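J.: fold the following.
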Amino acid sequence: MNRISKLLIVGWTAAVLLIECWYVSGSWYSAFLSGIVLFFGFGVAATFDRRVVMPVLAISYLVPILIFEDIGRYQATYSVVWLAALSGVVLPDALRSGWNLPQHWSVPLVCWVGVVCATAPIVALRRVDFNWDLLFRGRLPVEALGSGVPLQTLGWILHVALLVAVGLLWFDWLCGLDQGFFLRWVAAPLALSVSMLGAVALYQMFVDVTFLNYSVYAMLRRASGTVLDGNVAGTLAAFWIAGWIMLALATHGWRQKAALFMAVVMWFAVWSTGSRTAFALAFVVSAFSAFAFGPRMMMRRGFAAAAAVAIVVLVGTVMMPRSSAGAAGPIERFRIQFPEPTLESIAAATRELWNRNGYGVAATRIIATHPLFGVGVGSFYEMAGEFIPGGLPPDNAQNWYRHQLTELGIVGSLGWMVFVAWFGWWVIRRHPGEQRAASPARGALIAIGAISLLGMPGQDPLVAITLATFAAWFLIVAGRPSDTPPVPAHWWVIAAVVIVASMAGTTVLARTSLRVPVRIQRLGGAYLYGFSWPEPDGEGGEYRWARRKATAVIAAPTRSFKLRLRANHGDMAEHPTRVKAWVDGRLVIDGALTAGADTLEAAVFLPSGEQRVLIETWADRSVIAPPPDGRELAVMVRWRFAPTSR
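T.: I've put the predicted structure just below:
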């Protein structure tokens, strides 16, 4: 199972990378070709030399601004092109061997990623109501497909799932490297990249907050570095306070002093972003880093580190309001969060940190409503507003753990919960023979685990890959769990059962309560595909031509109506048309339309209080209308409500 599970995840990742690149090409024309070239190009190059990873990592934290400067826009899914290059580097080694990561961790990790990979296609198909045609085209003028553009929503679902799979393969690849290679060809290029992020953030803080800051953060007077997101920039800079200190501990002389100086620069970068979670992360990292210098040097260098932090805070508090940019720092934002030093104010602020503008409330309600299998990978963004009166703009659950539960449910979350608990226990323990650099890495991992209770920094591709990098770095400098005794076979059986159960549960929900038309019917709104525009029926009403499969959610002004299906194809005497129709999932018409009997009709009576009705039709054949019409014509559908009271 070790080898088979890895090959399955590698194959899934490669396929979804190409599909995701194709979806992204709808708004970034060259994404598909670029993704293919980078994936296979770096795959071939890495077959001969792993060091080709260096240029991929050297531009990692510049990817958002480079894409924006090229095409004038950026969104998280565009990072799939960079992920394609990174996956290409990993590909040759992934195909040659089984898992490099500690074998006892491989089971819960594969269980987690397996659930994501197995259920993501089901969730994607659910978004288009299992209509394959909608997978490859956008909305037609006559159609109403619910909230969101289907292709964008599909791209996001695949992107979220892809990031989990690529993160695992990257973590596994790093676990197979020796320390020398890791420091020179992984850590060093990432450090170079984050130094450019930090330089731009400092320029934005001291000189011009709008420089390369094309997002809302410029208006908020917060630096975003080169990643167009202040929170992401702050989190990356906070990570690399630990990273630069770890690099300093691996060298000496002027290089060590330069690395320590860059750690201070990262502190200023954190401050410039105004990110409160990044500030907390940086503070914890700095505290743990003081222990890296050992008992004798603790007082001297620990005092120096504390002094450096104090200088950053002092400069940020006193000087920033006077800077030309007027950058907003985290202390100011904390002051806004806690306006008065009273128990009531602190309690209110704490509740808001947990609920976060209603997203926490929505997540709690989703977990209560769909506890076992959740609402599906990547679906919280679209569905959160359905659980809050008045709706919510798309966003995450403001808590990584809570977000995973909402999307995967308890069953689908078993893998990540076991791994997080197991890995977390390994991180907080000290291990015989661990290097001094383990302390900053431990601080970074503990801090990111803690702040994930109040945010979702790991949802960003750059942060996710950085987190996987630091997790592997910690194992290199602190040691890894022993692979003896071998993994019991029944562990893999349990993982397989969890994956299959998640697939089954997700499929059932996708076919019932979480179907998009069923949700639209419950919540209100328009939903229609497969039907053409209305045309007069010659009896004072109207009908619509339907394709072979058509679905509509319509308002129900009364409780009773007649549903009629009719066809007038010229060859019906030789080729009858088999048709079916459902109302609210109940089959009401099932028969054949022939030349002598070209109409079928059913009287339908709706439950009391039903405001919207779901109508679905199916036909076994259709014809294509002559040009310039060109429509697929299967059956004419008419619904006529009786003028009765409710």
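J.: select the longest strand from the protein.
T.: With secondary structure taken from DSSP state E, the chain has its longest strand at strand 542-555.
J.: who does the next helix or strand after that one touch, helix- and strand-wise?
T.: Next helix or strand after strand 542-555 toward the C-terminus (DSSP states H and E): strand 560-566. Under the contact criterion of 3 or more CB pairs under 8 Å, 6 or more residues apart in numbering; DSSP states H and E, strand 560-566 touches strand 577-583, strand 586-593, strand 599-605, strand 612-619, strand 635-641. Every C-beta, even on glycine, is put in place using the N, C-alpha and C of the backbone.
J.: next, the buried residues of strand 560-566.
T.: Phe561, Leu563, Arg564, Leu565, Arg566 (16 or more other CB atoms under 10 Å).
J.: the residues you listed into JSON lines, with extra columns for pLDDT and distance to Ala603?
T.: Compiled in JSON lines, these are given as follows (pLDDT from 0 to 100; distance: CB to CB, whole Å):
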{"residue": "Phe561", "pLDDT": "93", "distance to Ala603": "8"}
{"residue": "Leu563", "pLDDT": "96", "distance to Ala603": "8"}
{"residue": "Arg564", "pLDDT": "95", "distance to Ala603": "10"}
{"residue": "Leu565", "pLDDT": "96", "distance to Ala603": "13"}
{"residue": "Arg566", "pLDDT": "93", "distance to Ala603": "16"}
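J.: specify which member of these is nearest to Glu407.
T.: Lowest distance from Glu407 to those (CB to CB) belongs to Leu563, with 36.8 Å.
J.: any idea which element the residue nearest to the spatial centre of the chain lies in?
T.: Centroid check for the chain by CA atoms, centre = their mean gives Val160 as the closest residue, at 3.1 Å. Using DSSP H and E, Val160 maps to helix 150-175.
J.: worst-scoring helix or strand of this protein, pLDDT-wise?
T.: helix 294-314 (a mean of 49; mean pLDDT, DSSP states H and E).
J.: domain assignment for the protein?
T.: 191-337, 525-641 (automatic domain parsing).
J.: can you get me a residue count around Pro643?
T.: For Pro643, the neighbour count with other CB atoms under 10 Å is 8.
J.: ugh, wrong one, Ala444
T.: 31.
J.: surely it and Ala242 touch.
T.: Yes - in this structure Ala444 lies within contact range of Ala242 using CB atoms under 8 Å: 4.2 Å.
J.: on that earlier part again, out of the domains of the chain, point me to the one whose mean pLDDT is lowest.
T.: Of all the domains of the chain, domain 191-337 carries the lowest average pLDDT, namely a mean of 80.
J.: skip the chain neighbours and tell me the closest residue to Asp233.
T.: I think there's a mix-up here, since residue 233 is Ala and not Asp. Gly225 (3.7 Å; CB to CB, 6 or more residues apart in numbering).
J.: and that neighbour, what does it touch?
T.: By CB atoms under 8 Å, 6 or more residues apart in numbering, Gly225 lies in contact with Tyr61, Leu197, Gly198, Val200, Ala201, Gln204, Ala233, Leu236, Ala237, Ala269, Thr273.
J.: what do you get for Tyr61?
T.: Shown in contact with Tyr61 (CB under 8 Å, 6+ apart): Leu190, Ser193, Val194, Met196, Leu197, Gly225, Thr226, Val227, Leu236, Leu462.
J.: name the SS class of it, please.
T.: Secondary structure, DSSP: H, G, I helix; E, B strand; the rest coil: Tyr61 is helix.
J.: and Asp133, how many neighbours does it have?
T.: 13.
J.: who wins for neighbours among the contacts of Gly225?
T.: Ala233 (35 neighbours).
J.: I'd like the distance between that one and Thr273.
T.: 5 Å (CB to CB, to the nearest Å).
J.: what is in contact with the two at once?
T.: Listed as contacting both Ala233 and Thr273 by CB under 8 Å, 6+ apart are Ala201, Ala223, Ser224, Gly225.
J.: sort out for me which of these are in helices.
T.: Among the shared contacts of Ala233 and Thr273, the residues falling in helices (DSSP state H) are Ala201.
J.: want to throw the shared contacts of Ala233 and Thr273 into JSON lines with distance to Phe423?
T.: As requested, these are exported to JSON lines (distance: CB to CB, whole Å):
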{"residue": "Ala201", "distance to Phe423": "30"}
{"residue": "Ala223", "distance to Phe423": "32"}
{"residue": "Ser224", "distance to Phe423": "30"}
{"residue": "Gly225", "distance to Phe423": "29"}
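J.: nearest to Val588, of the shared contacts of Ala233 and Thr273?
T.: For the shared contacts of Ala233 and Thr273, the nearest to Val588 is Ser224 (55.9 Å; CB to CB).
J.: still on that earlier bit, would CSV of the contacts of Tyr61 with secondary structure be doable?
T.: Listed next are the contacts of Tyr61 as CSV, based on three-state DSSP:
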residue, secondary structure
Leu190, helix
Ser193, helix
Val194, helix
Met196, helix
Leu197, helix
Gly225, coil
Thr226, coil
Val227, coil
Leu236, helix
Leu462, helix
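J.: quick one, which of those residues are buried?
T.: Among the contacts of Tyr61, those classed as buried by 16+ other CB under 10 Å are Leu190, Ser193, Val194, Met196, Leu197, Gly225, Thr226, Val227, Leu236, Leu462.
J.: any chance of TSV for the residues you listed, columns distance to Gly538?
T.: Putting these into TSV (distance: CB to CB, whole Å) gives the following:
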residue	distance to Gly538
Leu190	71
Ser193	69
Val194	71
Met196	70
Leu197	68
Gly225	66
Thr226	65
Val227	61
Leu236	66
Leu462	61
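J.: out of those, who's nearest Ala15?
T.: Leu462 (23.4 Å).
J.: touching, Ala287 and Ile446? I think so.
T.: No - Ala287 is beyond contact range of Ile446, at 10.1 Å (criterion: CB under 8 Å).
J.: mind checking which helix or strand the nearest residue to Ala552 once chain neighbours are set aside is in?
T.: Distances taken as CB to CB, 6+ apart place Leu528 nearest to Ala552, at 4.4 Å, with adjacent residues excluded. If you go by DSSP H and E, Leu528 is part of strand 527-536.
J.: what pairs with that strand, parallel or antiparallel?
T.: Applying DSSP bridges, strand 527-536 is found paired with strand 144-145 (antiparallel), strand 542-555 (antiparallel).
J.: Leu414 touches Ile499, doesn't it?
T.: No - counting by CB under 8 Å, Leu414 stays clear of Ile499, with 10.0 Å between them.
J.: between these two, which is the more surrounded one?
T.: Ile499 (24 against 21).
J.: show me the contacts for that one.
T.: Contacts of Ile499 by CB under 8 Å, 6+ apart are Cys111, Gly114, Val115, Ala118.
J.: work out for me the element the first one sits within.
T.: Under the criterion of DSSP H and E, Cys111 resides in helix 103-127.
J.: list the buried residues for that helix?
T.: 103-127.
J.: now stretch 145-157
T.: In stretch 145-157, counting by 16+ other CB under 10 Å, buried: Leu145, Gly146, Ser147, Pro150, Leu151, Gln152, Thr153, Leu154, Gly155, Trp156, Ile157.
J.: what's the lowest-pLDDT member of those?
T.: Confidence-wise, Ser147 trails the rest of the buried residues of stretch 145-157, at 65.
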